[in-house]
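[1] sequence? don't have it. structure:
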């Protein structure tokens, strides 16, 4: 799986699949949405200095949060129709 890493607000980091896109809320610069290559919503979350809150996610979102390094890793991968 090829990934990309981006810096978020309050020194958080996000690692996610290269085919996903990250959007930032224009009114709340610490609120983010991840969209897959088919424009389906993968997850929405907010970060601040001491916490992470998911507001929405796909039912089987696979993720890992390391609070010591402020890193969120989205392990969820795009659906692969050819893999069936």
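    Looks like it arrived, so ask away. Everything numeric in this text was worked out from a predicted model, so none of it was measured. Residues are numbered from 1 along each chain as shown.

[2] going forward, measure contacts and count neighbours with C-alpha atoms only.
    Noted.

[3] contact partners of the helix or strand hosting residue 65?
    Assignment of secondary structure by DSSP states H and E places residue 65 within strand 63-66. Contact partners of strand 63-66, identified using C-alpha atoms under 8 Å, 6 or more residues apart in numbering, comprise 71-76.

[4] Who does it pair with, and is each partner parallel or antiparallel?
    Each strand pairing with strand 63-66, determined using DSSP bridges, is listed with its direction: strand 71-74 (antiparallel).

[5] Might you list the low-confidence residue ranges for this protein?
    Screening the chain residue by residue with the criterion pLDDT under 70, one finds the ranges 80-84.

[6] residue ranges for the strands of this structure, please.
    In the chain, the segments counted as strands under DSSP state E are 3-7, 13-17, 21-24, 31-35, 41-47, 52-57, 63-66, 71-74.

[7] Using JSON lines, lay out those together with mean neighbour count.
    Compiled in JSON lines, those are given as follows (neighbours: other C-alpha atoms under 10 Å):
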{"stretch": "strand 3-7", "mean neighbour count": "12"}
{"stretch": "strand 13-17", "mean neighbour count": "18"}
{"stretch": "strand 21-24", "mean neighbour count": "14"}
{"stretch": "strand 31-35", "mean neighbour count": "19"}
{"stretch": "strand 41-47", "mean neighbour count": "19"}
{"stretch": "strand 52-57", "mean neighbour count": "14"}
{"stretch": "strand 63-66", "mean neighbour count": "12"}
{"stretch": "strand 71-74", "mean neighbour count": "19"}
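
[8] what sits up against stretch 1-15?
    Contacts of stretch 1-15 with the rest of the structure, by C-alpha under 8 Å, 6+ apart, involve 16-18, 29-30, 47-49, 69-74, 77.

[9] what's the most distant pair in those residues?
    The largest distance within the contacts of stretch 1-15, taken as C-alpha to C-alpha, falls between 49 and 77 and amounts to 27.5 Å.
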